[in-house]
Each structure stands twice: as C-alpha cells, then as structure tokens.
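[1] Prediction below, plus the sequence it came from.
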Amino acid sequence: MLVLRRRAGESFLIGAEIEIEVLEVCGTRVKLGIVAPDSVVIQRKETQITRDENITAARSVRQQAISSLLTKVALQPAETLVKNLTDNTISKVKSA
Amino acid sequence: MEYPRDAVFEFPDGVPGFENERAFVFLKRPDAHPLMFMQSLSVPDICFILLPVLAVDPHYKLRFTEEDLAALRFPAGAQPQIGKDVLCAVLVCASGDQRPDPTVNLRAPIVVNLEERIGIQAIQTQSEYSHRHPLVAQDRQEEPAPC
C-alpha cells in the first residue's frame, strides 16, 4: 500500500483524471473532496460490502438451504410455509 | 393493489444492489415468528428474509447519521427508539456454497420510520458489528423482542 502524508488543502492525483483533496481534518475524521470522470464509480467501502451481502441475501429465499435456516433459528421446520408465503406474494404482485 | 396500505413501505433510494426497488411490503406470519419477509413490489423475484435486530442482539445499539435521520424524516438530533419509532431488522443470508452457516448483517440494518412509512438501509459507519454475524441456535432461546 502506498502511504502519503497530506495536510488540509493539499491534494494528490490518481492517474491523470482523478484528484483527491484533503479539505478538512478534525480529530479522527477527514473530509475529502474528489474530482473524477463520471464513469468512475465512487462509493464508501461499507456500501460496497452491503451491496454484496444484499445480493447474497436476496438469493436466500429461493435456496433449499432455507429449511436449514429455519432450523437454526429454532422454529418449527416450515419450508413449505415459507415457500407458500413467497409464492402467494409473487402471484399477488403479478396479478396486481 | 390488494395490500393494506400499512404493509407497504417506501424506500426512496432502494437498498445497495437494488437501487431501483422503491417499495417493499413487509410480511409476517405468526407461525414463522420471528422471521419477516421484505418483498419488492416491482420485481416479484426480489424478496429478503429478515429478523428483528433485537431478536438477534437484545442490546443492539443503532446509530443514525444526520443523513439517515433526514432520509427517515426525523428532525436533526432525534434519537428514534427501536420498536417505538422505528422498525429495525437485519437481512439474513441463508447458508450456501460460500457460507456454511447462516449469517445476518448487523452492520447494515433495515430501518423504517413507522409513522412516515419510509425506510432505508442504515449502514453503521462506526460500528463494532459484523456484516456476517453468525446466526446460531442459542440466540433464539431468548424472548421474542419487539421489532
């Protein structure tokens, strides 16, 4: 990892088109300003982690593993119930 | 649409990965307690399994950024309470190829303003909580918590 020391008001470049400026340093928090082309996606790392987890979570309802999940949360095994619930919801939405 | 109005929640920004899903219906079944289901109204295939956060961790501390409060239409400086002002639930990942045991994302709970019927995924920036918190059976011994 490249490590740079910068003060507030100083900036650095990534490639030719991305500029990052340290706007303000206050205690443990740093305020950064970023100039980049529209094609560059900028997001907080925790947002990216959340996105990945959400995509995995959205698959859960269709996995056979759902019965194992229900066992883990100490419910009555209710795979059919959950399947019906989901199917009913889907058909309701479709018919709406 | 046949849903009771109070079952539908607006998510103005969607959730990360599903930015176009702006409305979800929350479903509960007494026999599936404490599981909840968060179903997209626009895409039938998009449905999440949730658990009330307090059912996973009765001592869970939810922190709001100013942006979170504004998005949920709370005044700046408000401290909404779980179960009273907001519903707070976490997304469940069932076990799969990459995940031997189910996990919940304590780092990014779904938070809904019950009064305004508006929701966000409130990513906890300064948090000791894991985005892959293992869901183990002994956690379920406790009394069901309000959500």
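    The structure has been received and is ready for your questions. Numbering: from 1, shown residues only, chains lettered A, B, ... in the order given.
[2] which stretches of chain B have low pLDDT?
    Low-confidence segments of chain B (pLDDT under 70): B:1-3, B:5, B:29-32, B:97, B:137-147.
[3] Which of the three states applies to residue B:25?
    strand (DSSP: H, G, I helix; E, B strand; the rest coil).
[4] Name the residues linked to it by a beta bridge.
    Residue B:25 has these beta-bridge partners by DSSP bridges: residue B:8, residue B:39.
[5] Name the residues that touch the longest strand along chain B?
    If you go by DSSP state E, chain B has its longest strand at strand B:86-93. Residues outside strand B:86-93 that contact it (Cβ atoms under 8 Å, 6 or more residues apart in numbering or on different chains) are A:53-54, A:56-57, A:60, A:69, B:26, B:35-36, B:38, B:48-54, B:56, B:60, B:62, B:72, B:80, B:82, B:99, B:102-106, B:108-114, B:132-133, B:135, B:147. Any C-beta I mention is one placed from the backbone N, CA and C, and that applies to glycine too.
[6] again, only using 7 Å
    Contacts of strand B:86-93 with the rest of the structure, by Cβ atoms under 7 Å, 6 or more residues apart in numbering or on different chains, involve A:53-54, A:56-57, A:60, A:69, B:36, B:48-53, B:56, B:62, B:80, B:82, B:99, B:102-106, B:109-114, B:135, B:147.
[7] Stretch A:23-39 now?
    With Cβ under 7 Å, 6+ apart, stretch A:23-39 has contacts from A:8, A:17-22, A:42.
[8] Flag every buried residue along that stretch.
    Within stretch A:23-39, no residue counts as buried by 16 or more other Cβ atoms under 10 Å in any protein chain shown.
[9] do the same with stretch B:56-65
    For stretch B:56-65, burial by neighbour count (16+ other Cβ under 10 Å) applies to B:56-57, B:60, B:62, B:64.
[10] before we move on, back to that, and after the longest strand of chain B, which helix or strand comes next?
    strand B:103-104 (DSSP states H and E).
[11] can you map out the strands along chain A?
    For chain A, the strands defined by DSSP E occupy A:11-14, A:18-26, A:29-35.
[12] Give me the phi and psi for residue B:70.
    When read as degrees, to the nearest 10, the backbone of residue B:70 gives phi -70, psi -40.
[13] So what's the residue count around it?
    13 (other Cβ atoms under 10 Å in any protein chain shown).
[14] can you check residue B:125 too?
    Neighbours of residue B:125 using other Cβ under 10 Å come to 11.
[15] same thing with the one 3 residues further on?
    The criterion is other Cβ under 10 Å. On that basis, residue B:128 has 8 neighbouring residues.
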